[in-house]
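K.L.:
What shape does this take:
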Amino acid sequence: MQAWRNALQSKLSNDMSVAGVTLARFIVASPIAAIYLYSLYQYQPTAMPSFNNTFWAFIVGASVMQIIATGLMVKLFKMNNYAVGAGLAKSEALVAAILGVLFFGSALSLLGWLGVFLGAIAVLILSGITKVKQFNLTTALLGLACGTCFALTSLWVREASLNSGLLFPHSAAWVLLFVISLQSIMLFVYLAIKEPHTLKQMWRYKRMVSLVSFFSCIGSIGWFSAMSLQHVPYVKTLGQVEVFFTMLISVLWLKQPLKRQDTAGLVLIAIAAILVMLPTN
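P.N.:
As a prediction, this is how the structure comes out:
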């Protein structure tokens with residue numbers, strides 16, 4: 001789902017501002033998330049939640065941090081020498097593992113750590129970092145900041161789900177609805193004030209915007225649900241199989257052949273995914 005969302009977002013970005021493309025991820029996703037939550041209660045009725053202040057703090061933090069991370073990623077792509085930064089930004093699983101162990105009580109097995117490290121190496125290879133001859137400190141720091149923001153988003157999403165007082169999958173569904181809704185409101189207000197013409201563009205491209213939101217929401221249901229069940233580094237490392245589907249789209253749809261380094265990166269991702277799925281006892 002995320003691979004298709006990224007492909008459609010890339011196409012949409014040719015005619016729309018960064019903020020508009022970012023809002024396209026959420027604006028139709030909120031109603032879909034609400035329908036998903038309602039369907040869960042119809043299928044498996046349970047008591048309505050009563051959320052505490054800690055829960056809301058994690059919701060706000062995750063919502064804001066994901067928007068910041070997206071903005072940093074866009075800035076990376078506008079830089080001339082961004083391969084190092086983009087690679088480090090995609091090392092979210094490794095950053096999440098370190099932060100999780102230090103501050104969130106996460107516990108990874110030895111094989112889990114190995115899988116996370118191999119996944120980080122794989123995304124660095126796929127980002128083209130091996131071709132960079134000069135190391136740009138500013139770009140590297142920006143990439144690390146981006147990866148850290150994405151990692152904090154995921155960690156806080158998991159903490160919000162665990163603090164909801166609900167059982168799975170209702171806990172993940174509530175977190176998803178609140179995060180997406182808050183992000184939609186913040187971005188919509190920003191565009192209404194700063195870029196009202198972008199909102200008109202979004203209406204003109206409403207079919208494409210709707211498809212981006214749909215794929216994004218379905219993908220987020222998977223992300224949020226998985227992070228409610230398992231530590232974030234495992235989820236994010238396994239989630240790197242997205243690269244395989246992205247390249248499949250590139251080869252079959254865009255007719256772009258794979259490079260040797262792409263094949264090596266995909267093999268490492270496959271190994272990393274297997275390692276994080278192995279039982280820990």
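K.L.:
Show the average pLDDT along stretch 119-137.
P.N.:
Mean pLDDT, computed over stretch 119-137, is 64.
K.L.:
Could you tell me which ranges of the stretch 51-200 of the chain sit under the pLDDT cut-off?
P.N.:
The stretch 51-200 of the chain contains residues with pLDDT under 70 at 74, 77-91, 123-124, 126-137.
K.L.:
50 instead, please
P.N.:
81-82 (pLDDT under 50).
K.L.:
can you pull out the helices in it?
P.N.:
53-77, 83-89, 92-103, 110-126, 137-162, 170-194, 196-204 (DSSP state H, counting those that start in this stretch).
K.L.:
Ala29: neighbour count?
P.N.:
29 (other Cβ atoms under 10 Å). The way it works is simple: take the backbone N, C-alpha and C, and place the C-beta from them, glycine included.
K.L.:
related to what we said a few turns ago, ok, which of the helices of the stretch 51-200 of the chain comes nearest Ile269?
P.N.:
Closest of the helices of the stretch 51-200 of the chain to Ile269 is helix 110-126, at 4.5 Å (criterion: Cβ to Cβ).
K.L.:
which helices and strands does the closest one pack with?
P.N.:
helix 83-89, helix 92-103, helix 232-239, helix 242-252, helix 260-277 (3 or more Cβ pairs under 8 Å, 6 or more residues apart in numbering; DSSP states H and E).
K.L.:
That one vs helix 242-252, what angle?
P.N.:
30 degrees (axes from the mean of the first three to the mean of the last three Cα atoms, to 10 degrees).
K.L.:
Can you show me the CA trace of helix 110-126 as PDB?
P.N.:
The C-alpha trace of helix 110-126 is given here as PDB (Å, rounded to 0.1, in the frame of the first residue of the first chain):
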ATOM      1  CA  LEU A 110      20.600 -10.700  19.300                       C
ATOM      2  CA  LEU A 111      19.000 -11.800  16.000                       C
ATOM      3  CA  GLY A 112      16.700  -8.900  16.200                       C
ATOM      4  CA  TRP A 113      19.600  -6.400  16.500                       C
ATOM      5  CA  LEU A 114      21.400  -8.200  13.600                       C
ATOM      6  CA  GLY A 115      18.200  -7.900  11.500                       C
ATOM      7  CA  VAL A 116      17.900  -4.200  12.300                       C
ATOM      8  CA  PHE A 117      21.500  -3.400  11.400                       C
ATOM      9  CA  LEU A 118      21.300  -5.400   8.100                       C
ATOM     10  CA  GLY A 119      18.100  -3.500   7.300                       C
ATOM     11  CA  ALA A 120      19.900  -0.200   7.900                       C
ATOM     12  CA  ILE A 121      22.800  -1.200   5.700                       C
ATOM     13  CA  ALA A 122      20.400  -2.300   3.000                       C
ATOM     14  CA  VAL A 123      18.600   1.100   2.800                       C
ATOM     15  CA  LEU A 124      22.000   2.900   2.700                       C
ATOM     16  CA  ILE A 125      23.000   0.800  -0.300                       C
ATOM     17  CA  LEU A 126      19.700   1.300  -2.000                       C
END
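K.L.:
centre of the chain versus it, how much separation?
P.N.:
17 Å (Cα atoms, centre = their mean, to the nearest Å).
K.L.:
between it and helix 232-239, how many degrees?
P.N.:
Going by the same axes, to 10 degrees, helix 110-126 makes 50 degrees with helix 232-239.
K.L.:
got the angle between helix 110-126 and helix 137-162?
P.N.:
140 degrees.
K.L.:
Contacts only, for the residue most central in space within the chain.
P.N.:
Nearest to the geometric centre of the chain sits Phe150, at 6.8 Å (Cα atoms, centre = their mean). Going by Cβ atoms under 8 Å, 6 or more residues apart in numbering, Phe150 touches 65-66, 69, 89, 92, 95.
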